[in-house]
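Student: Turn this into a model:
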Amino acid sequence: MHVVFLLGAGISRDLLPLSTKLTEITQTARAPDGREVVRHSDRTYFLANPHDAFALERPRVQRVVSFLTWLRKRFPEEDLDYEGLYFACQQIHDALAGEVENPLLQPFLAECERQAVALNWRPDDPRPGSRKLGELATEAMNYIAGIVSGALVPCQSSNPTFGDQVTKAHGSLLGACRDEAIRRLDVVTLNHDTLLESSFKAAGVGVEDGFGRARTGFRFSGSKPAHVQFWRGFRRGRGRVRLVKLHGSIDWWRVRPAGGDWSREAVARVDAHPQRLLDGKGVWWDALDPRPLILVGTFNKVFDYTRPFHLQHYAVMRRALLMSSALVIAGYSFRDKAVNGLIIDWYFSKGARPLVVIGPMLRPDQPPTTARPAIANKWVSWCSSGRVSVKAARFDEIDWQSIKPHLMAG
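Tutor: Below you'll find the model as predicted:
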């Protein structure tokens, strides 16, 4: 049996902040634990305890907050969350950069330019309004991505039982990993955090995730050793369990040797922000972006899936679904149009394969309130077909033995 698990943020609701909390931090520039959003001179944003050392960059932070507040008020009917705000900023950025042609956006861009000029932190800045707006949109995207990255790093020191909670949250998945009847298990997650990796490691489950072995000799700009793994791509035959992080990860960064050419650019998994890394040969490596390789937003993700690095993950997910014999979905809101398309394609291809959907508010006679029409319009007929089993429970309340019989039915 070849099983695919498709996991969304809902499986971590008691462990990490979800959309509502992340949106609150975006609006206030402050986390519930008292940390504030601060900006580093390298354009990265992160969460830290208030300190006078951050005072110089606070006006820039406030400028971004003011712009995002204006965006939310500009479209009150949309009630934009942090992902909607990111999408709006990326539309502005891409239109100004010529990446996406959208003539209908021009009147709105004119409004945004006036806001960017009014909020500019340098009154004597001679640049045209479009340049100021482009910079502000980029800063806003860095700001939101920095919040997501910082908030999704759990503070385990304040919760001694955190490891046990993580293991419990992934109990049914770990049960599938141990089941010898599962010939192949593909775990596709839309989450940016590293909780799944922690669970697999604690349980002794070997996972193929596209990264090579840790490189020895790497250190951060101080003397602290750095755990660094470089991306080498998914390879066949390497492990029975495969982890596909479709929306990237908070510990993935684009890096290259300082002063080197772009041909040596690589993606590395690093256990902290790699502002500068020194390898064992004395070569410095620099992070190329002010944010990790994560996909934030809404419809912009559909375009991002076509970018070379993310395309590998999207293609692996599609192939895994096509080759699978059963699918388990948990914690997913059915809001990603491209992911929904893959689910629909899976359902209508290659015979009557079983599907189990897990969520505390799910009902077979009523589509999820968050589902887009492509799924919502099919939900009731799918659930009445005998192929779809709906489990109205949290993911941590379901064990593998209660899921497995439904997958064997196909």
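
Student: need the longest helix for this protein.
Tutor: Criterion DSSP state H: the longest helix present in the chain is helix 129-151.

Student: residue ranges for the helices of the chain, please.
Tutor: Per DSSP H, the chain carries helices over the ranges 19-28, 58-74, 82-97, 106-119, 129-151, 162-169, 171-178, 195-203, 300-304, 308-323, 337-347, 373-383, 400-408.

Student: between the ones you listed, which gets the lowest average pLDDT?
Tutor: Ranked by mean pLDDT, the helices of the chain bottom out at helix 162-169, with a mean of 84.

Student: For Arg43, find the nearest of the helices of the chain.
Tutor: With C-beta to C-beta, the closest approach to Arg43 among the helices of the chain belongs to helix 129-151: 5.8 Å. Where you see a C-beta, it was placed from the backbone N, CA and C, and this is true even at glycine.

Student: Tell me the buried residues in that closest one?
Tutor: The neighbour-count check on helix 129-151 (16 or more other C-beta atoms under 10 Å) flags 129, 132-151 as buried.

Student: how far off helix 82-97 does it point, in degrees?
Tutor: Interaxial angle of helix 129-151 relative to helix 82-97 (axes from the mean of the first three to the mean of the last three C-alpha atoms, to 10 degrees): 150 degrees.

Student: Which strands and helices lie in contact with helix 129-151?
Tutor: Applying 3 or more C-beta pairs under 8 Å, 6 or more residues apart in numbering; DSSP states H and E, one finds that helix 129-151 makes contact with helix 19-28, strand 36-39, strand 45-48, helix 58-74, helix 82-97, helix 106-119.

Student: Now mean neighbour count too, for these, in CSV please.
Tutor: Listed next are the helices and strands packed on helix 129-151 as CSV, based on neighbours: other C-beta atoms under 10 Å:
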stretch, mean neighbour count
helix 19-28, 17
strand 36-39, 22
strand 45-48, 19
helix 58-74, 17
helix 82-97, 22
helix 106-119, 16
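
Student: Show me the strands in the stretch 151-300 of the chain, by range?
Tutor: Per DSSP state E, counting those that start in this stretch, the stretch 151-300 of the chain carries strands over the ranges 184-189, 207-208, 219-220, 228-230, 241-245, 252-257, 266-270, 276-278, 284-287.

Student: Determine which of these approaches Phe309 most closely.
Tutor: Comparing the strands of the stretch 151-300 of the chain by C-beta to C-beta, strand 266-270 comes nearest, at 6.2 Å.

Student: quick one: strands adjacent to the closest one?
Tutor: Using DSSP bridges, the strands paired with strand 266-270 are strand 228-230 (antiparallel), strand 252-257 (antiparallel).

Student: Buried residues, the first one. List them.
Tutor: It stands for strand 228-230. Using 16+ other C-beta under 10 Å as the test for burial, strand 228-230 gives 228-229.

Student: Now stretch 233-244 - C-alpha only, CSV.
Tutor: In CSV, the C-alpha atoms belonging to stretch 233-244 read as follows (Å, rounded to 0.1, in the frame of the first residue of the first chain):
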residue,chain,number,x,y,z
GLY,A,233,16.9,16.8,-4.8
PHE,A,234,14.6,13.9,-4.2
ARG,A,235,16.1,10.5,-5.1
ARG,A,236,14.4,7.3,-5.8
GLY,A,237,15.0,4.4,-3.5
ARG,A,238,16.2,6.5,-0.6
GLY,A,239,13.9,5.6,2.3
ARG,A,240,10.4,4.3,2.6
VAL,A,241,9.1,7.6,4.1
ARG,A,242,9.4,10.8,2.1
LEU,A,243,8.7,14.4,3.4
VAL,A,244,7.6,17.0,0.9
